[in-house]
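Peer 1: my questions are about this predicted structure, shown below with the sequence.
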Amino acid sequence: MGSSFGHLFRISTFGESHGGGVGVVIDGCPPRVPLSLEEIQQELDRRRPGQSVLVTPRQEADRAEILSGLHEGRTLGTPIAILVRNEDARAAAYEAMRDVYRPSHADYTYQEKYGIRAWQGGGRASARETVGRVAAGAVARKVLAELAAVEIVAWVSRVHDIEAVVDPATVSRTGVEATPTRCPDPAAAARMVARIEAARDDGDSLGGVVGCVARGVPVGLGEPVFDKLDADLGRALLSLPACKGVEIGSGFAGTWLRGSEHNDPFEIRDGRVRTRGNRSGGIQGGISNGEDVLVRAAFKPTATIRKAQDSVSTANEPAIIEGKGRHDPCVLPRAVPMVEAMVALVLCDHLLRQRAIA
């Protein structure tokens, strides 16, 4: 199973949704980087369930334990192991799904691939698996801040058909965290809350889009041909549960323009080469160009819903399934720290790779 990610800054996550715990081992973190448990916990608190009425009511404190790699507030350069124990697992809530496949979930494909699956909560296919990613992302974010002053901010830009108006150049974490939707456009956020609550009350779910900007990314990150920065960002984000699409810069909208309209002309600004406009999303030829890196990640509606759906059983017989357990009616608010974490992991890995050759 592909549970490891990265080259020089490499992580391996472990654990199932309703097992004893989840976590991550980070290898390749530089030594002497200031790091505290509180900094990791802050990111986990943004990801954890039960934080608002818009997300799953599962009550997990998600208290992190650092088992290795840290001494007197600094990294040692040795593997960093982080564990979060599961405290509110209720396997009995999933009993009805033991022998029936959830539509658009990983139940059927895991069963066919491995001949066995953790049916309680989806096992490794659950968004609970992302605890390790977010913890590792907090460490990567600290390395980026220490070595290059990189700042990463993600936000909910769309829920269903409600689109927010957000300027990536000025969006701040304070604005993002001002509402439970993590949408920094107050008017759109209010409409999103109402739409998510209506879907939840109807036993249904909604999808949408998370936008993300990375500021202060130095020129030269990216390893063409196959390890382009945008290619690795796409791989990282598409590995998140429920993520079905990624755009860099103008993305699909750029296909409506001519080259003369889409190109970012060069100019000298602040004493260095800059681009006028940023339809490239900070990446050209797979290498960062010093402008803000802009990405958008599309998330499908949560697969497990209370509405009755047609399915089949493990005995290959027709069945009806109604989702039980505790599930997010919309994954977008909790996906924000997940997106930030994956972007941080990619940028940190590529920064270390560039420093190794420069």
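Peer 2: All right, it came through fine.

Peer 1: neighbours around Ser68, how many?
Peer 2: 13 (other C-beta atoms under 10 Å). For glycine as for every other residue, the C-beta is placed from the backbone atoms N, C-alpha and C.

Peer 1: which residues does the nearest residue in space to it that is not next to it in sequence bridge with?
Peer 2: Spatially, and ignoring its direct neighbours in sequence, Ser68 is nearest to Ala81 (4.6 Å; C-beta to C-beta, 6 or more residues apart in numbering). Judged by DSSP bridges, the bridge partners of Ala81 are Val25, Ser68.

Peer 1: now stretch 142-157: average pLDDT?
Peer 2: For stretch 142-157, mean pLDDT is 97.

Peer 1: repeat that for stretch 119-139.
Peer 2: 91.

Peer 1: picking that back up, wait, doesn't the residue nearest to Ser68 sit right on Cys29?
Peer 2: No - assessed by C-beta atoms under 8 Å, Ala81 is found out of contact with Cys29, at 11.4 Å.

Peer 1: so between those two, which is more surrounded?
Peer 2: Cys29 (26 against 18).

Peer 1: on that earlier part again, pull up the overlap in contacts between Ala81 and Cys29.
Peer 2: Contact criterion C-beta atoms under 8 Å, 6 or more residues apart in numbering; residues shared by Ala81 and Cys29: Gly69.

Peer 1: distance of Lys307 from Arg200?
Peer 2: Going from Lys307 to Arg200 by C-beta to C-beta, to the nearest Å gives 11 Å.

Peer 1: how about the residue nearest to Arg296 when sequence neighbours are not counted, what does it touch?
Peer 2: Here the nearest residue to Arg296 in space, its sequence neighbours aside, is Glu247; by C-beta to C-beta, 6+ apart that works out to 4.3 Å. Glu247 is in contact with Val295, Arg296, Ala298, counting by C-beta under 8 Å, 6+ apart.

Peer 1: what secondary structure does the residue lying closest to the first one once chain neighbours are set aside sit in?
Peer 2: Counting by C-beta to C-beta, 6+ apart, Val295 lies nearest to Cys212, which is 5.0 Å off, once chain neighbours are set aside. Secondary structure for Cys212, judged by DSSP: H, G, I helix; E, B strand; the rest coil, is strand.

Peer 1: my guess is Cys212 contacts Asp292, does it?
Peer 2: No - Cys212 lies out of contact with Asp292 (C-beta under 8 Å); the separation is 10.1 Å.

Peer 1: these two: who's more crowded?
Peer 2: Cys212 (24 against 17).

Peer 1: okay, buried residues for stretch 271-289 please.
Peer 2: With burial defined by 16 or more other C-beta atoms under 10 Å, the residues of stretch 271-289 counted as buried are 274-275, 278-284, 286-289.

Peer 1: now, which of the residues you listed lie within strands?
Peer 2: Within the buried residues of stretch 271-289, residues falling in strands by DSSP state E are Arg274, Thr275, Ile283, Gln284, Ile287, Ser288.

Peer 1: out of the residues you listed, who's nearest Ala138?
Peer 2: Ser288 (21.9 Å; C-beta to C-beta).

Peer 1: is the closest one in contact with Val219, as I believe?
Peer 2: Yes - proximity of Ser288 to Val219 meets the contact threshold set by C-beta under 8 Å, at 6.0 Å.

Peer 1: quick revisit: from the buried residues of stretch 271-289, which single one is nearest Thr75?
Peer 2: Among the buried residues of stretch 271-289, and counting by C-beta to C-beta, the member closest to Thr75 is Ser288, at 24.5 Å.

Peer 1: in the protein, which ranges drop under the pLDDT threshold?
Peer 2: The model of the chain has pLDDT under 70 over residues 1, 50-53, 55-59, 88-93, 324-326.

Peer 1: which stretches in it count as helices?
Peer 2: Using DSSP state H, the helices found in the chain span residues 37-47, 107-114, 130-148, 173-176, 186-201, 229-238, 259-262, 332-357.

Peer 1: I'd like those helices laid out as TSV, including distance to Arg74.
Peer 2: Output for these, formatted as TSV (distance: least, C-beta to C-beta, whole Å):
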stretch	distance to Arg74
helix 37-47	12
helix 107-114	40
helix 130-148	11
helix 173-176	25
helix 186-201	39
helix 229-238	27
helix 259-262	45
helix 332-357	17
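
Peer 1: mind putting those in a markdown table, mean neighbour count and distance to Ala253 included?
Peer 2: As requested, those are exported to a markdown table (neighbours: other C-beta atoms under 10 Å; distance: least, C-beta to C-beta, whole Å):
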| stretch | mean neighbour count | distance to Ala253 |
| --- | --- | --- |
| helix 37-47 | 18 | 29 |
| helix 107-114 | 15 | 32 |
| helix 130-148 | 24 | 28 |
| helix 173-176 | 17 | 23 |
| helix 186-201 | 17 | 19 |
| helix 229-238 | 22 | 16 |
| helix 259-262 | 10 | 10 |
| helix 332-357 | 24 | 19 |
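
Peer 1: for the ones you listed, which one sits closest to Gly23?
Peer 2: helix 130-148 (5.2 Å).

Peer 1: what helices or strands is that closest one leaning on?
Peer 2: strand 10-15, strand 21-27, helix 37-47, strand 80-85, strand 151-159, helix 332-357 (3 or more C-beta pairs under 8 Å, 6 or more residues apart in numbering; DSSP states H and E).

Peer 1: quick one on the thing from earlier: which residues touch the residue nearest to Val295?
Peer 2: Residues near Cys212 by C-beta under 8 Å, 6+ apart: Ile152, Val153, Ala154, Trp155, Leu294, Val295, Arg296, Ala297, Val339, Glu340, Val343.

Peer 1: contacting residues around the first one?
Peer 2: The reference is to Ile152. By C-beta under 8 Å, 6+ apart, the neighbours of Ile152 are Arg141, Leu144, Cys212, Val213, Ala214, Arg215, Glu340, Val343, Ala344, Leu347.
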